[in-house]
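> From the sequence below, what's the structure:
(chains A and B)
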There are 2 protein chains.
Amino acid sequence: MADKQTEKEDAGMESVISSRVRLARNLADLPFPCRNTAEQAKEVAARVKDAVFGNGAMADKFVYVDIRELNPIDRQTLVEKHLISPEMLEEKKETGAMISKDEKVSIMINEEDHLRIQCLFQGMRLNKAWQLCDKINTLLEEKLDFAFSGSYGYLTSCPTNAGTGMRASVMLHLPALVMTGYIKNVLEACGKLGVAVRGIYGEHSEASGNMFQISNQVTLGQSEEEILASVSNVASQIIGQERALRNELYKQNSYRFEDRVYRSLGIFANARIISSEESLKLLSDIRMGVDMGIIKNLNMGTINEIMLLIQPASLQKSAGRVLSPEERDIKRAELIRSKLGKGE
Amino acid sequence: MADKQTEKEDAGMESVISSRVRLARNLADLPFPCRNTAEQAKEVAARVKDAVFGNGAMADKFVYVDIRELNPIDRQTLVEKHLISPEMLEEKKETGAMISKDEKVSIMINEEDHLRIQCLFQGMRLNKAWQLCDKINTLLEEKLDFAFSGSYGYLTSCPTNAGTGMRASVMLHLPALVMTGYIKNVLEACGKLGVAVRGIYGEHSEASGNMFQISNQVTLGQSEEEILASVSNVASQIIGQERALRNELYKQNSYRFEDRVYRSLGIFANARIISSEESLKLLSDIRMGVDMGIIKNLNMGTINEIMLLIQPASLQKSAGRVLSPEERDIKRAELIRSKLGKGE
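Numbers count the residues shown, from 1 in each chain, chains lettered A, B, ... in the order given. Below is the predicted model of the structure:
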C-alpha cells in the first residue's frame, strides 16, 4: 500500500510545482503581534536575529531583511518569490524576514505570529520541506522559548493554527481538470477531506494559470506526520485524476490537443507585448505540453524560471527602474524570447 | 510626371500580388458559347488546338486540357491556380484550356467567349502581361478569324466586353486599409474612376486575406494602353494610401504593430490544425511584416508558394487522395511547417 502510494506520487511529480511547509511560532513572554507595541515588535526581531546569527549552524546561511526599509519593487519581488506574505507589506511595526541565501528558508518575523518558519522546494518534496523546517525549529529553540501548552501544543495568534502550527501545502498545476470543469468536483471533495484549496499567493488569492495550492485545514489533534500524509495523499489522488483526464483528452483528438499546446507556444515565443495574465495562461498549456512529451526541446527548469521572472516586480527589478504597465508587457515579451532562445 | 508615376509603382511593388490581362475573342463564323451546339463547341476547340499546335512559335509550349475529363481535384486545382474560371466547371459542352507549360498563359476555350486569352504574372507587371497577351493574340490571328466590327472592335458574348475585349487587373494586398476601415472610401472612389473591385477569384467572390482585385470596368472607347494606364494609375494611388497608413499605424505603436505580425507568424508556424480562412488571415499579417522589413528571415516567394499550396484542391492533389475537411486542416498545418522550415 505504501509502495503503491509512492509510485503514484512519482508518476505525477510534474504536476506538482512546489511543496511548502510552514510552522507558526510565538515567543512565550511577549503578546501576539496583533496586540504588541512597536517596542515589543522590535524586541521580537532582535531576539530572532540573535538566535539565528548567534548560532553557528545558521549564522552564515541567512540574511536579515527589514521590510520597511526596502523600496516597493524589492518588497514586491519577495512576495513574488513567496519569501514573504503580501500581508507583511501593510505592517507599520518592525517586520522582517530572515532569508536563507539559497532562498529555500524564510523566517517571517511579526507577521500574524512572531515567527513563521517556511521551507519551500520545487516539485513534490513535502517531507524534505518538513525535515528542514523541523531542523530550523530545533535550532531556534536552543535560544528561544516558544509559547507551548501541554494540552494544545504550540499557541498561535489565530486558534486555527494552534497545535502543530503547521501548514503543509503543495502547488498543483491542473489544466485538464479546469478545461473539463471537473475541478469543481475536486474542490468540493477537498473540503470534505479537511484540505483547503487556494490560489497561487495563498489565502484570498485567485487561481491563475490553472495553479492551485492544496493544504491542511486542521493543525490541532494530528501529528505533523499525519498532516503531511493527508495532504500528500489528497494531492496524489488529484494528480491521478488530472493525468487520466489529460490522456483521455489527448486520445479523443491528439491533433486538437497538440494544436492547442503549440499555438500557445507559438504566441508565447513570438509576442512583442504580453500581459502577466496571458503569459500564465499560455505557460499552463506549454507546461502541459512539456509534461506530456509533446514539446520536446524545452525543459521544466526554463518554464519555472520564466514564470518567476515575468512577474511585475521581478521585471522591474531586472530593468532597474519602475515600469509602466505597458512597458512591463514589452519587457516581459523580451524576457520570454530571450529565455526561450536559450532554453530551446 | 511619367517618371514620378513609375517611381510610385516601384515603391509599392510588394503590395501587388499579381498582374493579369485577358482578352475576350470569338470566332467570326460560329455562334457565341451561350447559343452554340455541342458540335459547334467541339469545332471551336478543334480550331484553337489547330491554331496553337500548328504554329511553330507556340506548339511545344502549350498543353491542352479537356476540363470534363479531369477529376474534381485536378479541375479545382486549375481554378486555385487561376488558370481556369470557376464557371468553367459547370459547363456541359466541350470546354478546355490551352495552358502554357510555365503556367503564365491560359487560353480558356468555350467559357463565356470562344477564347479568353489570359496572361498572369506575379508582382506589378501589367505591361508585360499585356505584351504577352498581344503576342499570343497575333499568333492566333494567323489561323483564326476573330469576330470584329469596324465601329465596335472585337465582338463579345456580353456587350460589356466588346471593343478591346480586354480586362487588365491587379491583385492588391491592403491590410492597413481594411484594419482602419478606409477601404470603404477606396472602394467608393474606384467606382467613380471606372475601376471595378472584386475578391480573389474574380466576379462574385469575396475578398479574403485582405486581397482585392482591381480592374477596368470599360472595354469600349479606350485603347489597350489607356486601359492599362488607368488601372495601373488607380492601383498605385491605392498602394500609396496603403503604405502611408501602414507607416502611420507603425509610428503610433510599433510594439503593438510588431506584436500583431509576430503573433500571427507564431500561430501560423506552430498550428497543428488550421483552416484555409484562418491561414489567409494570418498570411496577410505575415506578408505585411515581410513587406515592412519587420520579419526578416522569410521571403515573399515562400509566402506566395504557401498561399497557393494550402488551398483545398492543391492540398488534396499533393496528398494524392480526397481529404475530409479536418484532414485538410491537418495537412495544411503540416505543409506550412515544412515550408517555413525551409523558407526561414
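> Now the element after the longest strand seen in chain A, going C-ward?
For chain A, the strand that runs over the most residues, judged by DSSP state E, is strand A:16-25. Scanning forward in sequence from strand A:16-25 by DSSP states H and E, the next helix or strand is helix A:38-53.
> Buried residues of that next one, list them for me.
Within helix A:38-53, the residues scored as buried using 16 or more other Cβ atoms under 10 Å in any protein chain shown are A:Gln40, A:Ala41, A:Glu43, A:Val44, A:Ala45, A:Arg47, A:Val48, A:Ala51, A:Val52. C-beta: built from backbone N, CA, C; applies to glycine.
> how close does the last one get to A:Thr77?
This points to A:Val52. To A:Thr77, A:Val52 is 22 Å away according to Cβ to Cβ, to the nearest Å.
> for the lengthiest helix in chain A, packing partners?
The longest helix of chain A (DSSP state H) is helix A:224-252. Here helix A:224-252 touches helix A:2-11, strand A:16-25, helix A:126-141, strand A:166-173, helix A:175-180, helix A:183-192, strand A:195-198, strand A:211-216, going by 3 or more Cβ pairs under 8 Å, 6 or more residues apart in numbering or on different chains; DSSP states H and E.
> and that helix with helix A:183-192, angle?
Helix A:224-252 runs at 170 degrees relative to helix A:183-192, counting by axes from the mean of the first three to the mean of the last three Cα atoms, to 10 degrees.
> how many other residues sit next to A:Val231?
A:Val231 has 25 neighbours, counted by other Cβ atoms under 10 Å in any protein chain shown.
> And it, how far from chain B?
In this view, A:Val231 and chain B are 37 Å apart by Cβ to the nearest Cβ, to the nearest Å.
> I'd guessed that residue sits against A:Gln217; true?
No - using Cβ atoms under 8 Å, A:Val231 is not in contact with A:Gln217; the gap is 10.0 Å.
> quick revisit: specify which member of the buried residues of helix A:38-53 is nearest to chain B.
Taking Cβ to the nearest Cβ as the measure, A:Ala45 is the one of those closest to chain B, at 44.8 Å.
> who touches the closest one in this structure?
By Cβ atoms under 8 Å, 6 or more residues apart in numbering or on different chains, the contact list for A:Ala45 reads A:Asp66, A:Glu94, A:Gly96, A:Ile109, A:Asn110.
> what sits against the last one?
In this case it means A:Asn110. Contacts of A:Asn110 (Cβ under 8 Å, 6+ apart): A:Pro33, A:Ala41, A:Val44, A:Ala45, A:Glu91, A:Lys93, A:Glu94, A:Thr95, A:Gly96.
> go on, the third one?
A:Gly96 is in contact with A:Ala45, A:Tyr64, A:Val65, A:Asp66, A:Ile67, A:Met108, A:Ile109, A:Asn110, counting by Cβ under 8 Å, 6+ apart.
> Just the ones in helices from those residues, please.
Among the contacts of A:Gly96, DSSP H puts A:Ala45 in helices.
> Spell out which parts of chain A neighbour chain B.
A:255-256, A:258-259, A:262-263, A:265-274, A:330, A:333 (Cβ under 8 Å from any Cβ of the partner chain).
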